[in-house]
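K.L.:
structure, please.
(one chain, ligands or ions: 1)
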Amino acid sequence: MFKVGEAAITRIEETFLPTYPLRTIFPEITDAQLEEYMPWMAPHHYDPKSGCILLSVHSWLLKVGGQTILIDACCGNNKVKPGRPFWHMLNEPYLARLAAVGVKPEDVDVVMCTHLHHDHVGWNTINRDGKWVPTFPNARYVFSRPDVDYFSKIDADPKEGPAELGTFRECVVPILEYGKADLVSGGAHRLNDFIEIDSAPGHSPGHVFFKLESKGERAAFVGDVWHHLLQVHHPDWNFPKNSDVNQARASRRKVLDHCAATDALVFPGHVGLPFAGRIEKTQSGYRPHFQP
Ligand SMILES: [Zn+2]
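P.N.:
You can find the predicted model right below:
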């Protein structure tokens, strides 16, 4: 568990696995860089055996101000994920892991998705008798309006593939239909005394990040502003599948600057062990401090 002021933050794991080949994801990397980075990359951020990057899929459970807040909702079980064998048709005891830290679905007050990609919305809903219903019956779900608009448009387009459609229809549309969603848009938006929502578009049009302040200490929940620490060393290296590659780069620098300037404890969506750390701004760029 991590403490930031009076906030307690726990990682709820879904999976932590080798996923995509590093050289496919980051074709910019040179042999010299690979050798230079290997001491910190292996074994927690890179699997030398397969040549794949390790990605964690997790939620951040946040308890602050008497509220129980879940940040990002992973892939979910029994979801068809073409092209992603490591996340296809999972059967993970995610809800049991929540229960193990004393949280039942009905205890969750707020679910916040940094963006509406398939690996951040999975547990929003659960299938009951063939119908997708909210997993967390008492929660308000915070989504960004630009993402809802963007994926609604894709959903209405018959030319688009079925993978993201399933995600949106199964994990987002039911929340909207049950009237459980609060949509935020534009710049900074205050959720409560502790949390501000700020925009960081580019990976998706409505990607947001969450800034926490409690008793003078700061945290930032940054979702997929970067997937891997290589992108802290090289902020221009994008992970594939962005809605706007240049916007993604600009948002990465904006969020890195914010994290460095506030000395925030940073909680990304997929970075490997120890899963959270800090960012230092250097003369030439940024240096991550994520020591296990
Ligand atoms: Zn993701």
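
K.L.:
may I see the buried residues of the longest helix anywhere in the chain?
P.N.:
When secondary structure is assigned using DSSP state H, the longest helix within the chain turns out to be helix 245-262. Of the residues in helix 245-262, those buried under the neighbour-count criterion (16 or more other C-beta atoms under 10 Å) are 247, 248, 249, 251, 252, 254, 255, 256, 258, 259, 260, 262. Quick note: C-beta positions are derived from backbone N, CA and C, even for glycine.

K.L.:
so is residue 147 in a helix, a strand, or just coil?
P.N.:
For residue 147, the reduced secondary structure class is helix; criterion used: DSSP: H, G, I helix; E, B strand; the rest coil.

K.L.:
do the one 3 residues further on as well
P.N.:
Taken by three-state DSSP, the conformation at residue 150 corresponds to helix.

K.L.:
does it touch residue 203 like I think?
P.N.:
No - the pair residue 150 and residue 203 does not pass the contact test of C-beta atoms under 8 Å, sitting 11.7 Å apart.

K.L.:
okay, the two: which has more neighbours?
P.N.:
The neighbour count for residue 150 versus residue 203, taken as other C-beta atoms under 10 Å, is higher for residue 203 (27 against 18).

K.L.:
could you measure from that one over to the ion?
P.N.:
Residue 203 sits 8 Å away from the ion when distances are taken as C-beta to the ion, to the nearest Å.

K.L.:
what do you get for residue 75?
P.N.:
Counting by C-beta to the ion - residue 75 and the ion are separated by 9 Å.

K.L.:
send the alpha carbons of the longest helix of the chain over as CSV?
P.N.:
Output of helix 245-262 as CSV, limited to C-alpha atoms (Å, rounded to 0.1, in the frame of the first residue of the first chain):
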residue,chain,number,x,y,z
VAL,A,245,0.4,11.0,-32.2
ASN,A,246,1.6,14.6,-31.7
GLN,A,247,-1.0,15.4,-29.1
ALA,A,248,0.1,12.2,-27.2
ARG,A,249,3.7,13.5,-27.2
ALA,A,250,2.7,17.0,-26.0
SER,A,251,0.5,15.5,-23.3
ARG,A,252,3.3,13.2,-22.1
ARG,A,253,5.6,16.2,-21.6
LYS,A,254,2.9,18.2,-19.9
VAL,A,255,2.2,15.4,-17.4
LEU,A,256,5.9,14.6,-16.9
ASP,A,257,6.5,18.3,-16.2
HIS,A,258,3.6,18.4,-13.7
CYS,A,259,4.8,15.2,-11.9
ALA,A,260,8.4,16.5,-11.7
ALA,A,261,7.4,20.0,-10.5
THR,A,262,5.1,18.7,-7.8
